[in-house]
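J.: Curious how this folds, go ahead:
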Amino acid sequence: GGADAFEGGQEEVRRMHESVQASALFSEGQRAHVLDNLAAMRSNLGRIQTADNASQANLREAVSIRLAILDDNVQGFISAADIDRRERDASIK
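T.: Here you go, the predicted structure:
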């Protein structure tokens, strides 16, 4: 159910956090940025459990965006402007 998915999500974020801390892929600044993103993701996941339905939808969207940013960070650091441009390009297609 929802609680199991929540626990799994929290555990996954914790594992990602440990991997980023141990990784040599990131500069110190990049590592701090990624860890901040993971902390915010963990916070959003925690708030989903007690939020009303409308807030849950917003928090899920926030987690989705943070996952996209994390994926991009792993592939190579990009900026918010890069994400905005990608979203604009996708909306044109």
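J.: middle-most residue in this protein, spatially?
T.: In the chain, the residue lying closest to the centroid (C-alpha atoms, centre = their mean) is residue 66, at 2.7 Å.
J.: Which element, helix or strand, includes that one?
T.: Using DSSP states H and E, residue 66 maps to helix 53-75.
J.: List the buried residues of that helix.
T.: For helix 53-75, burial by neighbour count (16 or more other C-beta atoms under 10 Å) applies to 59, 62-63, 66, 69-70, 73. Any C-beta I mention is one placed from the backbone N, CA and C, and that applies to glycine too.
J.: Stretch 19-32 too?
T.: 20, 26, 31.
J.: same deal with stretch 44-53?
T.: Buried-residue list, stretch 44-53, by 16+ other C-beta under 10 Å: 44-45, 48.
J.: Likewise for stretch 31-43?
T.: Those would be 31, 33-34, 37-38, 41-42, for stretch 31-43 by 16+ other C-beta under 10 Å.
J.: before we move on, back to that, now intersect the buried residues of stretch 19-32 with the helices, please.
T.: Among the buried residues of stretch 19-32, DSSP state H puts 20, 31 in helices.
J.: can I get the buried residues of stretch 19-32 in TSV with distance to residue 12 and pLDDT?
T.: Putting the buried residues of stretch 19-32 into TSV (distance: C-beta to C-beta, whole Å; pLDDT from 0 to 100) gives the following:
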residue	distance to residue 12	pLDDT
20	13	80
26	19	76
31	19	86
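J.: Redo the buried residues of stretch 19-32 as a markdown table? Include distance to residue 88.
T.: Formatted as a markdown table, the buried residues of stretch 19-32 follow (distance: C-beta to C-beta, whole Å):
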| residue | distance to residue 88 |
| --- | --- |
| 20 | 29 |
| 26 | 27 |
| 31 | 29 |
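J.: what's the closest of the buried residues of stretch 19-32 to residue 86?
T.: residue 26 (21.0 Å; C-beta to C-beta).
J.: Pull up the gap between that closest one and residue 32, please.
T.: 9 Å (C-beta to C-beta, to the nearest Å).
J.: between these two, what contacts are shared?
T.: Residues touching both residue 26 and residue 32 by C-beta atoms under 8 Å, 6 or more residues apart in numbering: none at all.
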